[in-house]
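Asker: could you look at this predicted model? Sequence included:
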Amino acid sequence: VLLLIIMTLMRYIKVWHFALAAILAVGVVLVAVPDYVYRTYKAIEGLTSVASNNVADADGAVRGRATVGLAALHMFLDNPIFGVGPGLSQAYMIEYSKEGYREIDTERRAHNMYIEELADTGIVGFLMFMSIILYTLTSMMRLRKRYRETHPDMAFLTAGYLLGLFGYLLTAVFLHLSYVRYFWVLIALCGAAIHIFQQQIKQETELAEAEADAEKVRLTAQSRELMYR
């Protein structure tokens, strides 16, 4: 749903198309998977219970995720600069989960990439990690904007990579750095596209400058020829 919203903001989907698709999707879910509505309601109810400190009323899975998330946040607050060490937050999970909503007796991860990165690497590592993501996103968005009118095929390619990366980053709110190889493959593909397209922009700019210089020389030669006639 969030990706559809992003595609609507990118003007690949019209607003009324999105609204119609949303209505149809809700209808299909209500008819085909009515249990999904109940599970969604229970999840929202669990989150509300945790937020209002009615922990006993919350679902066990919700309490578990809230506990590991809170534990990871406490790890970051205790070690704000460099964290507890890359990949080590789960080793401290049992100790820190005592301050949460559910007893954790096994090493577990935070189920949130951003909180887990803060716990593992602190603010220093987190800023470095996010700078890679932000540079990639901003560069791809600039390229898409530049090529949208002149090279729509390249604009569509950059949009596809952007949507893939947005999808991963959105799901990372609910998951830790799962399938990390695919994340770095996406970053690598985006980086390759940025490099290739920037080289093409450079070549186009140099060609345009060369043509402008040639036209200037031609006009100068013509003016001199007219002067000597």
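Answerer: Cool, the structure landed. Residues are numbered from 1 along each chain as shown.
Asker: from now on I want contacts and neighbour counts done on CA atoms only, so please keep to that.
Answerer: Fine.
Asker: which helix in the protein has the most residues?
Answerer: helix 180-227 (DSSP state H).
Asker: off-centre distance for that helix?
Answerer: 30 Å (CA atoms, centre = their mean, to the nearest Å).
Asker: what helices and strands are in contact with that helix?
Answerer: The helices and strands touching helix 180-227, judged by 3 or more CA pairs under 8 Å, 6 or more residues apart in numbering; DSSP states H and E, are helix 113-150, helix 152-171.
Asker: tilt between it and helix 113-150?
Answerer: With axes from the mean of the first three to the mean of the last three CA atoms, to 10 degrees applied, the angle from helix 180-227 to helix 113-150 works out at 30 degrees.
Asker: quick one: mean pLDDT over helix 180-227.
Answerer: What helix 180-227 shows for mean pLDDT is 85.
Asker: what helix or strand is F82 on?
Answerer: Assigned by DSSP states H and E, F82 belongs to no helix or strand.
Asker: state the number of residues packed around the closest residue to it other than its chain neighbours.
Answerer: Leaving aside its chain neighbours, F82 sits nearest to G122 (4.1 Å; criterion: CA to CA, 6 or more residues apart in numbering). Counted with other CA atoms under 10 Å, the neighbours of G122 add up to 24.
Asker: is it true that G122 touches P86?
Answerer: No: counting by CA atoms under 8 Å, G122 sits too far from P86 to count as a contact (9.3 Å).
Asker: quick revisit: check contacts around the residue nearest to F82.
Answerer: Neighbouring residues of G122 by CA atoms under 8 Å, 6 or more residues apart in numbering: 76, 79-84.
Asker: so how far is A188 from it?
Answerer: 24 Å (CA to CA, to the nearest Å).
Asker: with T106 instead?
Answerer: 34 Å.
Asker: tell me which of those two has more neighbours.
Answerer: Comparing T106 with A188 by neighbour count (other CA under 10 Å), the higher total belongs to A188, at 13 against 10.
Asker: need the contact list for L162.
Answerer: Per CA under 8 Å, 6+ apart, neighbours of L162: 137, 140-141, 190.
Asker: any chance of these in a markdown table, plus neighbour count and distance to E206?
Answerer: Supplementary listing: those in a markdown table, determined by neighbours: other CA atoms under 10 Å; distance: CA to CA, whole Å:
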| residue | neighbour count | distance to E206 |
| --- | --- | --- |
| L137 | 20 | 26 |
| M140 | 23 | 22 |
| M141 | 15 | 23 |
| C190 | 22 | 24 |
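Asker: between all of those residues, which two are separated the most?
Answerer: M141 and C190 (10.8 Å; CA to CA).
Asker: what is in contact with the two at once?
Answerer: Contacts common to M141 and C190, judged by CA under 8 Å, 6+ apart, are 158, 162.
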